[in-house]
Every structure is written in C-alpha cells, then in structure tokens.
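Q: Sequence and predicted model, in that order:
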Amino acid sequence: MSGLELGTKIPEITLKNQKGTPIDINDFKGKNVLLSFHPLAWTSVCEKQMKNIEGHYDYFVDQLNIVPLGISIDHSFCKNAWAKAIEVEKLDMLCDFWPTGELAKMCNIFREEAGTSERADLLFDEEGILIFQKIYPISEVPNLSLVVDAITNR
C-alpha cells in the first residue's frame with residue numbers, strides 16, 4: 001500500500017461514529033486531524049491502538065490542536081459495543097462501513113484481500129493538507145510519538 005502523497009487534501013466524506021452520529025471530516029478546518037485506521041474492532045492490537053489514543057486524547061486536543069479519529073470498516077452498532085467494552089469514551093471512532101472501506105480506498109490503504117484498511121496514521125494540518133503518514137504492519141501498534149513529532153517539529 002502506498003497511501004497518499006504528502007500535500008494531498010483531506011478526503012471529503014461524512015461517516016457515522018460509534019454512536020451513529022454523522023461526522024463530516026471537513027468540519028475540522030482550523031484543527032489538525034489524525035485519521036487513525038485500524039482493521040477491525042474486537043482485536044487486541046486495534047484495542048491497544050484506540051486505547052492509546054483515548055489515553056492521550058486531552059493532550060492531543062488541548063495541547064496540539066489535533067482532533068483524533070479512529071476508523072475501521074465496522075458498523076456503528078459493533079463499534080458502540082466495542083467502545084463500551086474497552087472504555088473508550090472521548091474518541092470518535094468512525095465507521096467506514098458502507099460502501100465498505102470508502103474512506104480507506106480514498107486514502108489508498110484498503111486491503112482488498114481482507115476487506116479492511118491497513119493499520120495507518122494520517123495527519124492533516126489545519127488547512128486539511130496531509131503532513132504525515134505511516135502505514136504499519138497489521139500486528140504493530142502505531143507509535144503516537146511520531147504524530148506528536150510531526151506537529152511539534154514543523
């Protein structure tokens with residue numbers, strides 16, 4: 001997977017979060033936006049990835065002006081049950097459910113053979129321009145310090 005080229009505009013799309021609320025990704029102009037893709041709910045690495053973001057949520061929002069969004073192909077009912085089970089309360093976890101993987105495809109990180117996204121972090125600046133991207137092995141939890149470095153060292 002190649003992802004997107006740095007300098008690419010954030011995709012224009014609205015997805016439901018785990019509570020079924022539509023979230024328009026382009027409503028965050030003036031804020032940095034982290035799209036943190038995880039393949040599937042109810043898996044251990046994905047749980048660690050989302051709980052790590054949840055644990056740093058206030059720092060991201062208050063100190064770095066980053067709106068973090070967790071994204072997978074799961075349905076909102078599934079994501080809602082999972083969020084409760086893993087105690088994720090602040091983080092919006094978006095459902096790239098139907099058409100399956102539409103956002104992942106826009107970001108060139110959809111895994112056709114698995115029907116899921118890659119595990120990836122894409123960071124867009126306040127103008128909606130991609131400034132950082134890392135695609136991880138499926139078995140690896142993303143390193144949030146790379147996202148912090150991308151914001152603080154620009």
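A: Happy to help now that I have it.
Q: List the buried residues for the helix or strand hosting Trp82?
A: If you go by DSSP states H and E, Trp82 is part of helix 76-86. Buried residues in helix 76-86, counted by 16 or more other CB atoms under 10 Å: 76, 78-80, 82-83, 86. Heads up, the C-betas are built off the backbone N, CA and C, glycines and all.
Q: go on, stretch 51-63?
A: Within stretch 51-63, the residues that count as buried by 16+ other CB under 10 Å are 53-54, 56-57, 60.
Q: burial of Ile66, as a residue count?
A: Per other CB atoms under 10 Å, the neighbour tally for Ile66 reads 25.
Q: Over to the nearest residue to Lys79 once chain neighbours are set aside: give its phi and psi.
A: In space, not counting the residues next to it along the chain, Lys79 is nearest to Gln18; the distance is 3.8 Å by CB to CB, 6 or more residues apart in numbering. Backbone dihedrals for Gln18, given as degrees, to the nearest 10, come out at phi -60, psi -20.
Q: tell me the contacts of Gln18?
A: If a contact means CB atoms under 8 Å, 6 or more residues apart in numbering, then Gln18 has 76, 79-80, 82-83, 92-93, 95 as its contacts.
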